[in-house]
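Undergrad: missing the sequence, but the structure's below:
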């Protein structure tokens, strides 16, 4: 459905450390890092990729109100591990790991923000 998702950062080295830890849990290594510009995680072309960059307009990166991206997890344990990695790297919790039955009988997710305030979640759709 998508090729990549891009979020802004005000401190790229901090973001690289954050997403290295988070994406490693899901088996998505960093595939590119241009110091002072951007970093990318995911699969070879055509993706999907998560791209983190300094804003092109040189203004501060800000999180979008109502914006969120979702990372797919194979197991509920991966969801919990992503949440733990995010918090260990300076992220914040927006909703702990657990079922959200309003979205489906097996919708197991955790919601987080990265150190720049970008909201994301990890979700597993598989039964326990």
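TA: Noted; the coordinates are in hand. Everything quoted here is computed from the prediction, not taken from an experiment.
Undergrad: Neighbouring strands - and their directions - for the longest strand belonging to the chain?
TA: In the chain, with assignment by DSSP state E, the single longest strand is strand 92-99. Neighbouring strands of strand 92-99 in its sheet, by DSSP bridges, are strand 108-113 (antiparallel).
Undergrad: I would like the residues contacting the strand it pairs with, please.
TA: Identification of contacts with strand 108-113 by CB atoms under 8 Å, 6 or more residues apart in numbering yields 63, 68, 76, 79-80, 82-83, 86-87, 91-100, 103, 119-126, 128. C-beta: built from backbone N, CA, C; applies to glycine.
Undergrad: Of those residues, grab the buried ones for PyMOL.
TA: The buried residues among the contacts of strand 108-113 can be selected in PyMOL (16 or more other CB atoms under 10 Å) with this line:
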select buried, resi 76+79+80+82+83+86+91+97+119+120+121+122+123+124
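Undergrad: returning to what we had before: hmm, who's touching the longest strand of the chain?
TA: By CB under 8 Å, 6+ apart, the surrounding residues in contact with strand 92-99 are 76, 79-80, 83, 87, 106-113, 119, 121.
Undergrad: Dig out what residue 50 forms beta bridges with.
TA: Going by DSSP bridges, residue 50 forms beta bridges with residue 5, residue 41.
Undergrad: so residue 20, which of the three states?
TA: helix (DSSP: H, G, I helix; E, B strand; the rest coil).
Undergrad: Would you mind measuring the gap between the ends of stretch 81-96?
TA: 11 Å (CA to CA, to the nearest Å).
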